[in-house]
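1. No letters, just coordinates:
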């Protein structure tokens, strides 16, 4: 394999990765708020909707609970897909 050709193709990716890492560090210095990944926002919203459903009388609470279940199911489906692709351990 021609190493100069390999370097020619690899350099833009390495440069972009380094730029992204520097931007992340800069943003953390400017504002240290972090939004957690991995579906944690969806899980937190699902829990909040489920707790709010406890306060609603009647049939409406079932719709809220179904919505909460849907919010929580999305990250689990994503994780299951990553396990199938061998990108995440079960």
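-> Thanks, I have it. What you are looking at is a predicted structure, and each value in this text was computed from that prediction instead of being measured. Numbers count the residues shown, from 1 in each chain.
2. alpha carbons only for contacts and neighbour counts from here, please
-> Noted.
3. can you list the domain ranges for the protein.
-> 1-34, 36-90 (automatic domain parsing).
4. Can you report how many residues lie near residue 46?
-> Neighbour count for residue 46, taken as other CA atoms under 10 Å: 22.
5. Return the most buried member of the domains of the chain.
-> domain 36-90 (a mean of 14; mean count of other CA atoms under 10 Å).
6. what about that one, distance to the chain center?
-> Relative to its chain's centre, domain 36-90 lies at 13 Å (CA atoms, centre = their mean, to the nearest Å).
7. Let me know the average pLDDT across it.
-> Taken as a whole, domain 36-90 has an average pLDDT of 79.
8. Run through who's touching the helix or strand where residue 45 lies.
-> Using DSSP states H and E, residue 45 falls within helix 40-53. Residues from elsewhere that reach helix 40-53, judged by CA atoms under 8 Å, 6 or more residues apart in numbering: 35, 61-62, 64-65, 67-72, 74-75.
9. among those residues, which are in strands?
-> In strands, judged by DSSP state E, none of those are found.
10. Mind checking which of these land in helices?
-> 61, 62, 64, 65, 67, 68, 69, 70, 71, 72, 74, 75 (DSSP state H).
11. Just the closest of those to residue 12, please.
-> Of all the ones in helices among the contacts of helix 40-53, residue 75 has the smallest distance to residue 12: 31.9 Å, by CA to CA.
12. on that earlier part again, would you format the contacts of helix 40-53 as CSV with distance to residue 18 included?
-> Output for these, formatted as CSV (distance: CA to CA, whole Å):
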residue, distance to residue 18
35, 21
61, 48
62, 48
64, 44
65, 43
67, 40
68, 38
69, 39
70, 37
71, 34
72, 34
74, 31
75, 29
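13. chain center to the longest helix seen in the chain, what's the gap?
-> Taking DSSP H as the criterion, the chain has its longest helix at helix 3-30. Its chain's average C-alpha position is 22 Å from that of helix 3-30, according to CA atoms, centre = their mean.
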